[in-house]
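Trainee: Model the structure of this input:
(one chain, ligands or ions: 1)
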Amino acid sequence: MRLDIQGIKVHYYFVCKRKLWLFSKGIQLESEHEKVAIGQLLHEHSYKRVQMKEKMVDDVIKLDLVDDDYVREVKMSSKMEKADRMQLLYYLYYLKQMGIEKKGKLHYPKEKRTEEIELTSENEVEIEKLIKAINAIQYQPTAPKVKRLPYCSSCAYYSFCFAQEE
Ligand code: SF4
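Mentor: Numbers count the residues shown, from 1 in each chain. Predicted coordinates for the structure are as follows:
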């Protein structure tokens, strides 16, 4: 299976299919805000024992932190925990295809919480289905319809989706 899906698309799949489609068409409105905020969190909570290097793999996946055993993903909150888990599982799956086996850790520093994630054969199958589902969305000719979601008002695409209501 060809792997060219960025991790953010895995996240968007669980957040909003329309957002995934818009992003995949090059309409990339996400501000630098979240990246800056995550950088700040990393700084404040300084992961001293962890090699603090953002690592880009194949120009496709961007890992927050990597050490010998773990790929670590740092998130502002656990509101989108399913999306966070699947994004990290996708990274573990991606690395496994390259012959690199690691475990994952999801960090929610504001909540002082960490979750360990392991790639099992069951969730490998889940990831493979997910890759197909993401491709089906990104190659569909028109955007999924606007569906108001609880987090639309804080989404970078809000004006794009709800321009007529403003
Ligand atoms: S504003 Fe809402 S519907 Fe539009 S892309 Fe964002 S989350 Fe999806």
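Trainee: Just say helix, strand or coil for Ala83.
Mentor: Classification of Ala83 using DSSP: H, G, I helix; E, B strand; the rest coil returns helix.
Trainee: Report the contact partners of it.
Mentor: By CB atoms under 8 Å, 6 or more residues apart in numbering, the residues touching Ala83 are Val10, His11, Tyr12, Tyr13, Phe14, Val15. Every C-beta, even on glycine, is put in place using the N, C-alpha and C of the backbone.
Trainee: run the last query once more with 7 Å
Mentor: By CB atoms under 7 Å, 6 or more residues apart in numbering, the contact list for Ala83 reads His11, Phe14, Val15.
Trainee: Can you tell me which of these end up in helices?
Mentor: Of the contacts of Ala83, the ones assigned to helices by DSSP state H are His11, Phe14, Val15.
Trainee: Between those residues, which sits nearest the ligand?
Mentor: Val15 (6.4 Å; CB to the nearest ligand atom).
Trainee: Report the separation between the residue nearest to that closest one when sequence neighbours are not counted and Thr142.
Mentor: Residue nearest to Val15 in three dimensions, not counting chain neighbours: Ala83, with 5.5 Å by CB to CB, 6 or more residues apart in numbering. Ala83 sits 23 Å away from Thr142 when distances are taken as CB to CB, to the nearest Å.
Trainee: Which of the three states applies to Gln28?
Mentor: At Gln28, secondary structure determined by three-state DSSP is coil.
Trainee: Kindly tell me how buried it is, as a neighbour count.
Mentor: 11 (other CB atoms under 10 Å).
Trainee: And Arg49, what's its pLDDT?
Mentor: pLDDT recorded at Arg49 is 53.
Trainee: To clarify, my last question referred to Ile131.
Mentor: 96.
Trainee: CA atoms only: put the host helix or strand of it into CSV for me.
Mentor: Assignment of secondary structure by DSSP states H and E places Ile131 within helix 121-138. Below are the C-alpha coordinates for helix 121-138, written out as CSV (Å, rounded to 0.1, in the frame of the first residue of the first chain):
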residue,chain,number,x,y,z
SER,A,121,-2.4,-6.5,14.4
GLU,A,122,-6.0,-5.4,15.0
ASN,A,123,-5.3,-1.8,14.7
GLU,A,124,-3.0,-2.3,11.7
VAL,A,125,-6.1,-3.6,9.9
GLU,A,126,-8.0,-0.5,11.2
ILE,A,127,-5.3,1.8,9.9
GLU,A,128,-5.4,0.1,6.5
LYS,A,129,-9.1,0.6,6.3
LEU,A,130,-8.6,4.2,7.4
ILE,A,131,-6.1,4.9,4.6
LYS,A,132,-8.6,3.7,2.1
ALA,A,133,-11.4,5.8,3.6
ILE,A,134,-9.2,8.9,3.6
ASN,A,135,-8.2,8.4,0.0
ALA,A,136,-11.9,8.0,-0.9
ILE,A,137,-12.6,11.4,0.6
GLN,A,138,-9.7,13.3,-0.7
